[in-house]
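# I'll drop the sequence and a predicted model, then ask my questions.
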Amino acid sequence: MNNFDKPSVLVIEDEAPIRRFLKLTLSDHGYSFHEALNAREGLSKIASEQPSLVILDLGLPDMDGIELTREIREWSKVPIIVLSAREQEKDKVLALDAGADDYLTKPFGVQELLARARVAIRHAAKSPPQADSIVTFGQVKIDFGKRLVTFNDTELHLTPNEFKLLAALVRHAGRVITHTQLLREIWGSEYTDETHYLRVYMAQLRRKLETDPAQPRHLITEPGVGYKLKLD
């Protein structure tokens, strides 16, 4: 396999030991590796090299990584995984709200990083559901063209907001979507503090779509952050 056949990863990180570790890890697992030492160099390389994935540190010398994520999202949909020594929940929420696809705290395991990289690249390769798309997971089948949801071949009645919530989760399948993102998308920006709405509607969806609502396999809670849909 030559470099043109490999998924390319751009690492934006100012710490040389971490760059060396990531170069060795990613190169050994079939990725084409590129690096940038600061935000400005990173932005230039995203534009010129169009990587399959960006891995970036929040503590860059010339710009905070969250601000860099916002700037990237103004013009690019490249998947972004944030690496950070910041462990507080609020930092994770800020990064995801800014447009990051995932967040890993340092130190991190090699296998976890590789798994998250695969998910981010796979998700980016999938187009959002079109009007005639059919999506399945577990015993659930969603026909967006007919606005029809079935569980074990039995048609379900979903309220308009339940369907909107489910559609939002499908569009971002495999990603954590923050409470703020979901509330803004479904109810509007004036409802971004009403997280109890989500608890109520997620409970209703789980009762309808999960075999065991108390131990959901697909509609997953990321405590304090948001929710994600696992299709597998």
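It's in. Numbers count the residues shown, from 1 in each chain.
# alpha carbons only for contacts and neighbour counts from here, please
OK.
# if I look at the residue lying farthest from the centre of the chain, how far off is Asp212?
The centre of the chain is farthest from one residue, Thr154, which by Cα atoms, centre = their mean lies 30.4 Å away. As judged by Cα to Cα, to the nearest Å, Thr154 and Asp212 stand 17 Å apart.
# Check Pro223 too.
Note on Pro223: its distance to Asp212, by Cα to Cα, is 19 Å.
# Between the two, which is the more surrounded one?
Ranked by neighbour count (other Cα atoms under 10 Å), Pro223 and Asp212 place Asp212 first, with 11 against 8.
# ok, the residue lying closest to that one once chain neighbours are set aside - contacts?
Excluding the flanking residues, the one nearest Asp212 by Cα to Cα, 6 or more residues apart in numbering is Arg206, at 8.0 Å. Residues near Arg206 by Cα atoms under 8 Å, 6 or more residues apart in numbering: 212-213, 216, 219.
# Could you do Ile72 as well?
So Ile72 contacts Leu43 (Cα under 8 Å, 6+ apart).
# host element of it?
Remark: Ile72 resides in helix 65-73, with elements defined by DSSP states H and E.
# Just the strands from the chain, written as ranges.
Assigned by DSSP state E, the chain shows strands spanning 8-12, 32-36, 53-57, 80-84, 102-105, 134-137, 140-143, 148-151, 154-156, 177-178, 219-222, 226-229.
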